[in-house]
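[1] can you look at this prediction? I've put the sequence above it.
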Amino acid sequence: MAKARALDKRRKSIRNIRKITRTMELIATARYKKAMDRATAASAYTRRMTEVVAEIARTGVEVSHPLLETRDPPQRGVLLVLTANRGLCGGYNAAVFRAALARYEQLRGTLVHLEVDMVGKRGMAAAKFKQLPLAHTYTEFTDQPRFEQVDPIAVRYLDAFATRQIDRLDVAYMKFLSSSKQTAVVETLLPLASLEGEPAAAAAGGPAAGESRYEFLPSAASILEEIVPASFKARLFKCFLDAAVSEQIARMVAMKSATENATEMIKQLSIAYNRARQSQITREIMEVIGGVEALKG
């Protein structure tokens, strides 16, 4: 009977766990929908900003901006890693950290000085385990990052790049491609000279180099002075939004898998419990029959 009781106790425990994982799955699903709406809304704005900056940079006028300046060879860099504050989201944090660590090893061999900035408690824990020094850490970001939170970080990077304290900025995060596909990537956000390589900027039918579809008033240079920092902030904010929606998708999938596994375990434990209970009842019946036969004898 002790075995049957132990099986029943374990089955009840797993049922309670299944309730928790199911609830977390529903919460992640609701948060995912909100995060996806924000990421989708920001995608069009960021893409258009990048396209306009690339358009201005391709004009025949002489324009320059510190953020468009490519420094060869770069000497000082920053690697910003976007992870989550919480776990229970499958391999989300591990995938981002692996991609960041690979880029860190690559840059460490080419740069004179390299700093790592970490967003998220999980990334901080992984960096501590790997004995990776961190220059700045951020734990205030939730599943709905706000532009007001990202803006001070963006301004600090802009100032550091303009004053030549850093020569490049790389961001490691989980890029949101669709609800069924997210991939850990490391993108170079500074300098912005790579804008020419953006798909939106090189769309078919676009103007050739030295030509423009726009007239700039008062001048292309003055517009560039305003729009380039705004473009960088938008791109950095988009990284945070992609990371947020990817985290919720990963947690939703992980909790769904955990719920299904718990259901299967409950099924197997129920079969084992029924067998143990049946054996116990059979044994008790045999004991009763044996007692009756003993009294008859």
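    Arrived safely.
[2] roughly how far out does the strand or helix carrying Glu287 sit from the chain middle?
    Using DSSP states H and E, Glu287 sits in helix 220-296. Centroid separation for helix 220-296 versus its chain: 20 Å, with Cα atoms, centre = their mean, to the nearest Å.
[3] next: stretch 89-97.
    Distance, centroid of stretch 89-97 to centroid of chain: 8 Å (Cα atoms, centre = their mean).
[4] again, but for stretch 118-130
    14 Å.
[5] the helix holding Glu287 packs against which elements?
    Where contact means 3 or more Cβ pairs under 8 Å, 6 or more residues apart in numbering; DSSP states H and E, helix 220-296 is packed against helix 2-57, strand 76-82, helix 92-108, helix 147-162, strand 168-178, strand 181-190. From N, CA and C alone the C-beta is placed, and that goes for glycine too.
[6] lowest-confidence stretch among those?
    Lowest mean pLDDT within the helices and strands packed on helix 220-296: helix 2-57, a mean of 85.
[7] ok, back up a step: Val245: which of the helices and strands packed on helix 220-296 is closest?
    Nearest to Val245, of all the helices and strands packed on helix 220-296, is helix 2-57, at 3.9 Å by Cβ to Cβ.
[8] show me what the closest one is packed against.
    helix 220-296.
[9] before we move on, back to that, and the helices and strands packed on helix 220-296, which is most packed in?
    A comparison of those by mean neighbour count, using mean count of other Cβ atoms under 10 Å, puts strand 76-82 on top with a mean of 24.
[10] residues contacting that one, please?
    The contact list for strand 76-82 (Cβ atoms under 8 Å, 6 or more residues apart in numbering) reads 96-97, 100, 103-104, 107, 111-120, 123, 135, 157, 160, 165-174, 186, 239-240, 243.
[11] which strands border it, and is each parallel or antiparallel?
    strand 113-119 (parallel), strand 168-178 (parallel) (DSSP bridges).
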